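>>> give me the fold of what follows.
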Amino acid sequence: MSTFRLAPLSLTFLAASLAACGSMPGSGSMPMAASPVAVPFSQDALPDAVKVPSGHRVAWETVGVGEITYECRAKAGAADAFEWVFVGPKADLRSRQGQVVGGYWGPPATWAAQDGSSLTGAQLAVASAGSGNIPLQLVKANPAKLADGKGDLQGVSYIQRVATRGGVAPAAACTGPMAGSRQVVTYQADYIFWKPV
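Next up is the predicted model:
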């Protein structure tokens with residue numbers, strides 16, 4: 001998928017020019033309000049552990065909106081102790097404008113675009129995203145499976161999970177009588193797909 005981005009200085013000039021034209025005397029119109037402009041993703045503020053190495057560029061930005069399932073299971077090595085265990089996610093991948101452009105599910109963690117391309121990956125690192133939120137994550141992508149030999153996910157080498165909200169294990173008690181029961185929690189996260197430059 002090719003992306004077109006204007007340099008920030010060009011966008012500033014363009015917005016200023018349009019606003020000036022809309023408020024010119026005799027134009028008969030009210031001054032134009034500046035439209036929101038999508039800001040290119042920057043990983044500068046992320047912890048180093050989940051940054052993509054240099055030599056890569058953002059190829060696709062999505063917002064995952066969905067749920068994570070947990071199951072109450074006996075705690076390994078602890079008699080009569082139980083805990084909520086991660087079972088798997090299921091989410092829509094949406095564009096920044098809110099349109100569904102793909103999906104995410106697991107296990108194994110699988111990302112798919114609507115064009116039929118999909119990929120899996122291996123977690124390299126995580127970093128805290130604050131209380132109540134699943135961690136930020138860096139994933140090394142496996143080669144994509146492609147439909148008709150091409151697709152949006154072709155050539156993706158890394159995936160970042162950032163801007164996470166929710167998704168942590170339930171706060172409800174997990175005890176012996178509940179063993180095997182499942183609970184679903186909602187979450188949201190940005191999934192940023194990177195390709196080599």
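>>> list the contacts for the closest residue to Asp115 other than its chain neighbours?
If the residues on either side of it in the chain are set aside, Asp115 comes closest to Gly151, at 4.8 Å by CB to CB, 6 or more residues apart in numbering. C-beta: built from backbone N, CA, C; applies to glycine. Applying CB atoms under 8 Å, 6 or more residues apart in numbering, we find Gly151 in contact with Ala113, Asp115, Gly116, Ser117, Ala144.
>>> so who does the fourth one touch?
Under the criterion of CB under 8 Å, 6+ apart, the contact partners of Ser117 comprise Ala144, Lys145, Leu146, Ala147, Lys150, Gly151, Asp152, Leu153, Gln154.
>>> ok so, going back, filter the contacts of Gly151 down to the ones in strands?
The members of the contacts of Gly151 that map onto strands under DSSP state E are Ala113.
>>> drop anything exposed from the contacts of Gly151.
Ala113, Asp115, Ser117, Ala144 (16 or more other CB atoms under 10 Å).
>>> right, and the second one touches Gly149 too?
Yep, that's Asp115 we're talking about. No: Asp115 is beyond contact range of Gly149, at 11.4 Å (criterion: CB atoms under 8 Å).
>>> between the contacts of Ser117, identify the one with the most neighbours.
Within these, most neighbours by other CB atoms under 10 Å means Leu153, with 26 neighbours.
>>> helix, strand or coil for that residue?
For Leu153, the assignment made with DSSP: H, G, I helix; E, B strand; the rest coil gives coil.
>>> pretty sure it sits against Leu119.
Yes: the pair Leu153 / Leu119 is scored as a contact, 5.1 Å apart, by CB under 8 Å.
>>> shared neighbours, these two?
Trp111, Ala141, Ala144.
>>> and which of those is nearest Pro47?
Using CB to CB, Ala141 comes nearest to Pro47 of the shared contacts of Leu153 and Leu119, at 19.9 Å.
>>> burial check on the closest one, number of neighbours?
Around Ala141 there are 19 residues (other CB under 10 Å).
>>> least confident of the contacts of Ser117?
Minimum pLDDT across the contacts of Ser117 is recorded for Ala147, with 82.
>>> so who does it touch?
The neighbourhood of Ala147, defined by CB under 8 Å, 6+ apart, consists of Asp115, Gly116, Ser117.
>>> and stretch 80-92, how far out from the chain's middle?
In this view, stretch 80-92 has its centroid 20 Å away from the chain centroid, taken as CA atoms, centre = their mean, to the nearest Å.
>>> can you give me the buried ones in it?
Phe82, Trp84, Val85, Pro89, Ala91, Asp92.
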